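1. Structure for this input, please:
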Amino acid sequence: MKADARGSVSEWLVDRDHGVWAYEFEADAKAAGVARLSSAGIHEGAVLRLYGEPGVAVWRKNAAKYEKMSQAGRPRDREPLAVAGGRVRMDIEMAGHSVRLIRLSPP
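-> The predicted structure follows:
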């Protein structure tokens, strides 16, 4: 990058606390006394196939909460980009099994 370059950086974060609702749904189903079906696949993603109709009722009851939880985190949104010596450096700490989308944008 040019030494006088300007721009911004934005990030979206997906980890256990951002962009994920499945753990909360599983806890809600357990709290409601709804058990996984014995026929459910080990990595089943469909609520109906995983918990049956009782699970669908739990999901519908909490859908607004899960929708909010499904949003990716935004650690940075159009923050100025620092250029030094023609380089950009960012120190990023991430939890295991997490993903970040990083967008570098011109001014």
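2. Which residues does the lengthiest helix in the chain contact?
-> Residue-count comparison of every helix in the chain, with assignments taken from DSSP state H, identifies helix 47-61 as the longest. Contacts with helix 47-61, where a contact means Cβ atoms under 8 Å, 6 or more residues apart in numbering, come from 25, 28-29, 32, 34-37, 39-41, 44, 66. Every C-beta, even on glycine, is put in place using the N, C-alpha and C of the backbone.
3. Run a quick check on S98 versus L13, I expect a contact.
-> Yes - taking Cβ atoms under 8 Å as the definition, S98 is a contact partner of L13 at 6.7 Å.
4. Can you give me the buried ones in the longest helix of the chain?
-> Along helix 47-61, these residues count as buried under the neighbour rule (16 or more other Cβ atoms under 10 Å): 47, 50-52, 55, 58-59.
5. Show me where this structure has its helices.
-> Assignment of helices within the chain using DSSP H yields the ranges 22-31, 47-61, 63-69.
6. can you give me the mean pLDDT across the last one?
-> It stands for helix 63-69. Along helix 63-69, the predicted local confidence has a mean pLDDT of 95.
7. cool, stretch 7-18 as well?
-> The average pLDDT for stretch 7-18 rounds to 91.
8. Start and end of it, how far apart?
-> Chord length of stretch 7-18, first to last residue, is 26 Å (Cα to Cα, to the nearest Å).
9. who touches it?
-> 19-20, 23, 71-81, 90, 94-95, 97-107.
10. Just the buried subset of the residues you listed, please.
-> For the contacts of stretch 7-18, burial is judged from neighbour counts taken by 16+ other Cβ under 10 Å, and it is met by 19-20, 72, 75-76, 81, 98, 100.
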